Each structure stands twice: as structure tokens, then as C-alpha cells.
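**Student:** my questions are about this predicted structure, shown below with the sequence.
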Amino acid sequence: MNVTAEPLKVIGKGKGPLKVLVAKPGLDGHDRGVKVVARALRDAGMEVIYTGLHQTAAQIVEAAIQEDVDAIGISILSGAHMTVFRKVRQLLDENNIDDIIVFGGGIIPEEDATVLIEKGYSHKIFGPGTPLEQITDWLEKA
Amino acid sequence: MSEKKFKTLSGEEVKACYTAADLSSKKTTDSEIPGQYPYTRGIHSNMYRQRLWTFRQFAGFATAKETNERFKLLLSKGQTGLSVAFDMPTLMGYDSDHPRAEGEVGRCGVAIDSLADMEELFQGIPLDQVSTSMTINGPAAIIWAFYIATAEKQGVPSEKLSGTIQNDILKEYIAQKSWLFPPKPSMRLITDTFAYATRHVPKWNSISISGYHIREAGATALQELAFTLADGFAYVEAGIEAGLDVDDFAPRLSFFFNAHMDFFEEIAKFRAARRIWARRMKEKYGAKKERSLMLRFHTQTAGCSLTAPQPENNIVRTAFEGLSAVLGGTQSLHTNSMDEVLALPTEKSATIALRTQQIIAHETGVTNTVDPLGGSYFVEALTDKMEAGAERYFEQIDALGGVIPAIEQGFFQKEIAEAAFQYQKEIDEKKRIIVGVNDYIEDMAMDMPLLRIDPAIEEEQVKKVQALRASRDNEKVEKALRELQAEARGTENLLPPLLEAVRAYATEGEIASTLKEVFGEYREQPVF
């Protein structure tokens, strides 16, 4: 299950390697997926910043602004995805940021993923078991 | 063309055929008997002929009321023990109305804020008649106090309580990442629990040393075995250092392992675990009681082996994994539901998972004899290899200064992240076939009904904890919390003041923050 918003309204910010912030919001500690993805993005030549665990939406957006990233990847399986993605989007909007790609993955039911995309909270949601190359390819094209 | 290599999930090369020449410990193996030291073949001479394992399905969602209903349903279907899944705020020591809990209340498990919730969770379930396992670590002592106090309310003395509290903080720092305090005070809370259990709750397993989460985080079977036992040794050493006699608490230590897809490697892992533990307890820690030497364990089938595509296939995976746990001599078992990769299980999928255990127990005949794979050249050779591999890891951990320094240096975390990445790469490169994921793919829409947690649950739970704070005797609560804090600064056992605070209906969050003021909070340096 991979749900995408078409067409993407943003493009990476400029030259040089893509800079990606990968984040673990909420309280769950399942960081296997986020670490595997972080490693794959780094191996694909991107600059990767991992926030560590237990981040709030505000902490994630603040880090993204400070680091001037091209994309924020959110990994979540605690069931709080609707709350977290909405808050991240809200905070980005409040800061007038429209050039950061937001994507995510984890245990997110397809119908929720569709809502996240439709509401503009996220550009893409990758389901469990997505090949790593699919994620790196998508980011490079985005 | 290079010859195809056959490997276990841990990467151990597998030969085409095994003979007696492959056994490094042939003499020991030949003389090993179930129920006798070093217990490689099982801790009981009669095993499942005498008594089947405990069918213990993990359950918990929404609020105490909904979970109480699910418990009663599972008991009515033949489940023999309860196992509580708590939600993230409860696991992290936050009340449901804490800002950090927003969106997470009742999602991954049941929300428990105070004794009042625990009373509701077990309403109509006599605690002297069921055994209960609770998956809780950072705030384990607090939640255990809720349980003991609930039993008091039911008129059940703590001597009659049986069950397990996970209480394994080391694996949290290593893998599962739900923590409250730094390692040192956490270890104190754990040894306090050991001491209190020995004196007042003698039938209780005061810890369940867990490899499950280490495996789920990406470890191989060998890493799971080695890291879990290393944690176990660290707890034994902490108990001895706290002045306890090893034979007083070791009999109540229990373990929790994962059962993944590599059938024989899993069986070998369980057999090796028992042998290593028995030897170490006897030879290094000088344990004398037989019960101190026996490694008893619960098993859960591997959540991480389940696939979102073609979720029905997960029933088959779980059945093989459950079978490996039974052939490995488990004392209790949780079989995963097919939809757990997508959401918390529905009533139907939870029932199929339980039925899977019942089919293994009653229809396959594998329970008729003890350790039926004992003497298999392959299984024995693998058991020896797992043992030797674990010993090599123990040496590495010792060289780093022990488990806690190794955690602080990120040793386990790096090893696990590397194994997780390699595993994913092998799948992506199709070196490892996962049916429905990278081969035998079908383009089908997912039409499985999933359990949805009503967002109104959160609101309800928040109101409940706020109403509790308004209605209880707050002077009594404050006094109990002050007392607890004073004791935390000292060295006495913390269970008695914890119980006092709990009886006064202090909430989990209040107790946790009271202790954090003394103990501090843990932060990790993430590695990937």
C-alpha cells in the first residue's frame, strides 16, 4: 500500500544532496523502520538527520526549520498518525513553509493514509514492507 | 556460477546433511535428559504430557472497560492466562491528560492511570484464579502496585497472586525504547521488586527478561539469545549486589523470547538458552536450588515476520512459529493475529490466533513426547553453534565493561540496526523470499475489517482521570507522594511507599514525576 498525492506541489530546494529529517513522533519506541530508512537514504547519497525518539510535532518542525531540510519523513505506528501529521502541517503553515516535502510510514491503515494525503497533511505514505529503493527513488524525483 | 549458499536467518551456513561428527558436545547431548541439568531438553521430565503451556494472548485497547470485556471473551474461549497490553502513555509514565499523551490514549493498548482503572480492568475476574502477565517496564513497580492493591480490594492476599511483570528495563534501552529513569535508579526499582516479591508475592515472576523486543528491533536469533541472557546475568548480579541471596530471587526470574520463521534455528535457540543459563547460574553465580537453574520462558510469535500484503498468510506463519516454540519447550505462548501488522487484532483474528495454539496442542501430536527433536544431528549441532556464538558475544560485552556500559556506547543498538538493515536489503535484493512481499505478489485490494479505536475514548479517559483527581482525598495523596519521594532519596525498598501512594489513588503520572524529581530522566544518543 503506497498512497501518493498527485501531482506533487513542491520540488527539492536546490542544488546539492537532498537534506532529509527523519522523525519519530509520539511515544512509541519502535525505531527499526526509521533507522533502516535513514540508513538507506544516507547510502543513496542524501544528508540525513534523525531526531531520535519521542518527538513532539513542534520539535520536529523546529528541527526542520533550523536544519533547512528539503523533506521530513515521519515514522509512526502508535496510532497517533492523524494527530501528528495534522499538527506538523499546521506548524509548517504557521511558519509559511511550503517547500518541505512531508512523507511518512509505519502502521497506517490505507483509508487513513488516503485522508492524510487528501487533506494535504502528507505527500506520500509508504506502507510496511516497501522496498527501500522505492523510497529513495521517490524522494529523488519529488 | 557460484554454488547457492544455504543459511539460517542468523546467517549461519547450513550443510546438506548432518551426522554425529557435527556434534561438538556429543557426550553431553547424549546424556542430557529432560528435567535434568543443564535442562537443554526442557525443564520438566514430563513437559506437556503433564500440563500444556499457558495459552496467554496479549490483549489491551481503549479503556479498562473495553479490555475487561475482551479478557472475559478470551477466558470464555479457553485462554488460560491474561496478558495486558498497555497504551504508550501508560508505558511511558504519563497520565492520559498529559499533553504528550495526545492522540495515543488507548491506541496501542489499554490506558491505565490509577488504581481505579486497574480495578475496572479486572472487575469480575478473581485474581486468585487467573495468572496475569503485564508488559510494562519503566513504570513496572507502579503498575504492579496497582495490581496488588486491586487484589486487596477483591480480598485476595498478595501471597495468592500469580503472574509476571515484565520489568525489564535493559531491553528498553537496547531495543524497545520505553523508559522513564536512567539505568541506575531503574535497576534499583527492579531489585526492590525482586525483594518485595520474594517476601510478599512468592508466586509472582518478578521479571520477564525479554528478547522479544530485541528481535523485533531487527536482531538475529543469535543476537536475541546472547543479548537477552547477558541482560539476565546483569539482573542476577544487581540482585546479588543489592544483598539478596541468589537462590531467593533466581527461581522467580522468567524469560520472554521471540519465535521467528527459521524453524530449526528457533528451536535450537530455546534449547541453547536453557543450557547456557543453567551452567552460568550454577558455575558463576553459585546458585544451588534447582529452580534457580531452570530457564522458564514465554514465547510470542514474531510480529516483525508478519506481512501487510496477503495478511491471511500470517496465520500460516504464526502456526509454524508457534510450533517451533512448543518444540523448543516454552512455558507459555502468544500467537499473533493475522492483522497485527495493520492494526490491533479484531475479535475474529484474535480467536483464530488462539485456535492455532489449540490445534498445535491437541491435533498435531507434538506434545506426546518431550523434546522430540533431541538427538537430531542438525538441531543438536545448531544448539551447540548458538551456544558458542552467544559465548562470543558475552566476551565482547564483558570487554566493554558489562551491559550498561555497552548500552551507553550504543553497542547493542548498532549491532541490531546493522542486522535490521541487512535483513531488509536481502529482501529488497530477493536473496530472501517473503511470500506476497517480494515474490508471489498479487495485486489485491485489502478487504480485511480492522479494529478501529474511537477517538472519543481519549476524551472519556481524560475526563475520568480528571474526575478522579477532583474526588479523592488530595491531602492524603500529597502526603503519600512526599513520603515516596523521601524514601526514593534513601535506600529502603520502594514498594511499601509506592503501595501507599497507589492506595490513596495517586495517578501513575504523579508517581512517575515524583520519582523523576529524584531519579532524573533517561535520554538516548540515537545511532543508525
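**Tutor:** Received it, and whenever you're ready, just let me know what you need.
**Student:** how about the residues of the stretch 301-450 of chain B that lie near chain A?
**Tutor:** B:304, B:307-309, B:341-343, B:416-417, B:420-421, B:424-425, B:427-428, B:434, B:437-438, B:446, B:450 (C-beta under 8 Å from any C-beta of the partner chain). Glycine gets a C-beta too; all of them are placed from N, C-alpha and C.
**Student:** just the buried ones from these?
**Tutor:** Burial of those was assessed by neighbour count (16 or more other C-beta atoms under 10 Å in any protein chain shown); the buried members are B:304, B:307-309, B:341-343, B:416-417, B:420-421, B:424-425, B:427-428, B:434, B:437-438, B:446, B:450.
**Student:** among those residues, which are located in helices?
**Tutor:** Using DSSP state H, the subset of those located in helices is B:416-417, B:420-421, B:424-425, B:427-428.
**Student:** hmm, B:Asn258 is touching B:Arg215, no?
**Tutor:** Yes - using C-beta atoms under 8 Å, B:Asn258 and B:Arg215 qualify as a contacting pair, with a distance of 3.7 Å.
**Student:** find residues that contact each of these two.
**Tutor:** Taking C-beta atoms under 8 Å, 6 or more residues apart in numbering or on different chains as the contact rule, the neighbours common to B:Asn258 and B:Arg215 are B:224, B:302.
**Student:** look at these two and report which has more neighbours.
**Tutor:** Neighbours were counted for B:Asn258 and for B:Arg215 using other C-beta atoms under 10 Å in any protein chain shown; B:Arg215 has more, 29 against 26.
**Student:** who's in contact with the more buried one?
**Tutor:** B:Arg215 sits next to B:221, B:223-224, B:257-258, B:260, B:302, B:304 when contact means C-beta under 8 Å, 6+ apart.
**Student:** so how far is B:Leu229 from it?
**Tutor:** With the distance defined as C-beta to C-beta, to the nearest Å, B:Arg215 ends up 13 Å from B:Leu229.
**Student:** chain center to the top helix by length along chain A, what's the gap?
**Tutor:** Of all segments of type helix in chain A, defined using DSSP H, the longest is helix A:81-94. Between the centre of helix A:81-94 and the centre of its host chain there is 11 Å, according to C-alpha atoms, centre = their mean, to the nearest Å.
**Student:** and that helix, what does it pack onto?
**Tutor:** Using 3 or more C-beta pairs under 8 Å, 6 or more residues apart in numbering or on different chains; DSSP states H and E, the elements in contact with helix A:81-94 are helix A:57-67, strand A:71-76, strand A:101-106, helix A:110-118.
**Student:** and residue 8, what's its pLDDT?
**Tutor:** No chain specified, so I'll use chain A. The model reports A:Leu8 with a pLDDT of 45.
**Student:** that was the other one, I meant chain B.
**Tutor:** pLDDT for B:Thr8: 93.
**Student:** count of neighbours near it?
**Tutor:** Burial measure for B:Thr8: 21 neighbouring residues, criterion other C-beta under 10 Å.
**Student:** quick one: it and B:Glu265 touch, right?
**Tutor:** Yes - with contact taken as C-beta under 8 Å, B:Thr8 and B:Glu265 are classed as touching, separated by 4.3 Å.
**Student:** which residues do these two both contact?
**Tutor:** Common neighbours of B:Thr8 and B:Glu265 (C-beta under 8 Å, 6+ apart) are B:221, B:382.
**Student:** now for residue 106, how many residues are close by?
**Tutor:** I'll assume chain A. A:Gly106 is surrounded by 22 other residues when neighbours are defined as other C-beta under 10 Å.
**Student:** wait, chain B
**Tutor:** Neighbour count of B:Gly106, defined by other C-beta under 10 Å: 30.
**Student:** give the buried residues for stretch B:434-448.
**Tutor:** Counting neighbours by 16+ other C-beta under 10 Å, stretch B:434-448 gives B:434, B:436-438, B:446 as buried.
**Student:** can you give me the strands in chain B?
**Tutor:** B:54-55, B:58-59, B:82-85, B:131-135, B:162-165, B:204-205, B:207-210, B:253-259, B:297-301, B:332-334 (DSSP state E).
**Student:** where do the helices of the stretch 1-150 of chain B begin and end?
**Tutor:** Using DSSP state H, counting those that start in this stretch, the helices found in the stretch 1-150 of chain B span residues B:26-31, B:47-50, B:64-76, B:88-91, B:115-121, B:140-154.
**Student:** and chain A, which of its residues are near chain B?
**Tutor:** Where proximity means C-beta under 8 Å from any C-beta, the interface of chain A facing chain B comprises A:1, A:26-32, A:34-36, A:38-40, A:50-54, A:56, A:77-80, A:82-84, A:107, A:109-110, A:127-129, A:131-133.
**Student:** so which of these are in helices?
**Tutor:** Here DSSP H is the test, and these give A:32, A:34-36, A:38-40, A:82-84, A:110, A:132-133 as lying in helices.
**Student:** separate out the buried members of the residues you listed.
**Tutor:** A:32, A:34-36, A:38-40, A:82-84, A:110, A:132.
**Student:** adding distance to B:Ala388 and pLDDT, write these out as JSON lines.
**Tutor:** Rendered in JSON lines, the data for these read as follows (distance: C-beta to C-beta, whole Å; pLDDT from 0 to 100):
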{"residue": "A:Arg32", "distance to B:Ala388": "27", "pLDDT": "91"}
{"residue": "A:Val34", "distance to B:Ala388": "33", "pLDDT": "94"}
{"residue": "A:Lys35", "distance to B:Ala388": "29", "pLDDT": "93"}
{"residue": "A:Val36", "distance to B:Ala388": "29", "pLDDT": "93"}
{"residue": "A:Ala38", "distance to B:Ala388": "33", "pLDDT": "95"}
{"residue": "A:Arg39", "distance to B:Ala388": "29", "pLDDT": "94"}
{"residue": "A:Ala40", "distance to B:Ala388": "33", "pLDDT": "95"}
{"residue": "A:Met82", "distance to B:Ala388": "49", "pLDDT": "91"}
{"residue": "A:Thr83", "distance to B:Ala388": "48", "pLDDT": "89"}
{"residue": "A:Val84", "distance to B:Ala388": "45", "pLDDT": "93"}
{"residue": "A:Glu110", "distance to B:Ala388": "46", "pLDDT": "86"}
{"residue": "A:Leu132", "distance to B:Ala388": "33", "pLDDT": "93"}
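**Student:** so which of the residues you listed is the closest to B:Phe86?
**Tutor:** A:Thr83 (19.1 Å; C-beta to C-beta).
**Student:** my read: the closest one touches B:Val105, true?
**Tutor:** No - with contacts counted by C-beta under 8 Å, A:Thr83 stays clear of B:Val105, the gap being 10.5 Å.
**Student:** ramachandran coordinates for the residue of chain A at minimum distance from chain B?
**Tutor:** Here chain A gets closest to chain B at one residue, A:Gly29, 2.5 Å apart by C-beta to the nearest C-beta. Dihedral angles of A:Gly29 (phi, psi; degrees, to the nearest 10) stand at phi -110, psi 10.
**Student:** ok, it - contacts?
**Tutor:** The neighbours of A:Gly29, taking C-beta under 8 Å, 6+ apart as the test, are A:53-54, B:172, B:175-178.
**Student:** tell me which of those is nearest to B:Ala406?
**Tutor:** Comparing the contacts of A:Gly29 against B:Ala406 with C-beta to C-beta picks out B:Ala175 as the nearest, at 13.0 Å.
**Student:** quick check, pLDDT for that closest one.
**Tutor:** The score at B:Ala175 is 94. That number is its pLDDT.
**Student:** poorly predicted segments of the chain, please.
**Tutor:** Defaulting to chain A. Using pLDDT under 70 as the threshold, the predicted model of chain A has low-confidence ranges A:1-15.
**Student:** the chain in question should be chain B.
**Tutor:** Scanning chain B residue by residue, the ranges that satisfy pLDDT under 70 are B:1-3, B:25-30, B:445-446.
**Student:** neighbours around B:His44, how many?
**Tutor:** In terms of burial, B:His44 registers 18 neighbours under the definition other C-beta under 10 Å.
**Student:** OK, contacts around it?
**Tutor:** With contacts defined as C-beta under 8 Å, 6+ apart, the neighbours of B:His44 are B:34-35, B:50, B:370.
**Student:** give me the buried subset of the residues you listed.
**Tutor:** The neighbour count (16+ other C-beta under 10 Å) marks B:34, B:370 as buried among the contacts of B:His44.
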